[in-house]
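A.B. asks: the following comprises the amino acid sequence and a computationally predicted model.
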Amino acid sequence: MMYNTNPIDPSKELLGMKELLAWLLIESESTIYDWLNKESPRFKSDLMPPFKIGRGIRWYKEDICRFIESCAATPSIIEHIDRVEE
């Protein structure tokens, strides 16, 4: 997994894994790792890589907000299938 190597901006709020899971309504950390894995068919290029801080990883809250907005703006596969069948 790649990590964000840019300097951390201390003025920005960070989210840890537990907070990220709660925000995304996901129960499994493995889903997040799968989304971050470029080799995975479930890779999400719009999910920013996390910062490695000690033994934990963190994301900027604003990046996660943008990710959620991008997911909300993307039609679901079910909506796509419905349009194809019409």
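C.D. replies: In hand now; what should we look at?
A.B. asks: SS state for the closest residue to Pro50 other than its chain neighbours?
C.D. replies: Nearest residue to Pro50 in three dimensions, chain neighbours excluded: Ile57, at 3.9 Å (C-beta to C-beta, 6 or more residues apart in numbering). Yep, even glycine has a C-beta here, placed from its N, CA and C like the rest. Following DSSP: H, G, I helix; E, B strand; the rest coil, Ile57 is assigned to strand.
A.B. asks: what sits against Tyr3?
C.D. replies: Contact analysis of Tyr3 by C-beta atoms under 8 Å, 6 or more residues apart in numbering lists 49-52, 57.
A.B. asks: dump these into CSV; add pLDDT and neighbour count as well.
C.D. replies: Formatted as CSV, these follow (pLDDT from 0 to 100; neighbours: other C-beta atoms under 10 Å):
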residue, pLDDT, neighbour count
Pro49, 93, 15
Pro50, 95, 23
Phe51, 95, 17
Lys52, 94, 13
Ile57, 95, 22
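A.B. asks: need those residues in JSON lines with secondary structure and distance to Cys65, can you?
C.D. replies: Shown next, in JSON lines, are the contacts of Tyr3 (DSSP: H, G, I helix; E, B strand; the rest coil; distance: C-beta to C-beta, whole Å):
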{"residue": "Pro49", "secondary structure": "coil", "distance to Cys65": "16"}
{"residue": "Pro50", "secondary structure": "coil", "distance to Cys65": "15"}
{"residue": "Phe51", "secondary structure": "strand", "distance to Cys65": "16"}
{"residue": "Lys52", "secondary structure": "strand", "distance to Cys65": "21"}
{"residue": "Ile57", "secondary structure": "strand", "distance to Cys65": "18"}
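A.B. asks: what is the nearest of those to Ser70?
C.D. replies: Pro49 (15.4 Å; C-beta to C-beta).
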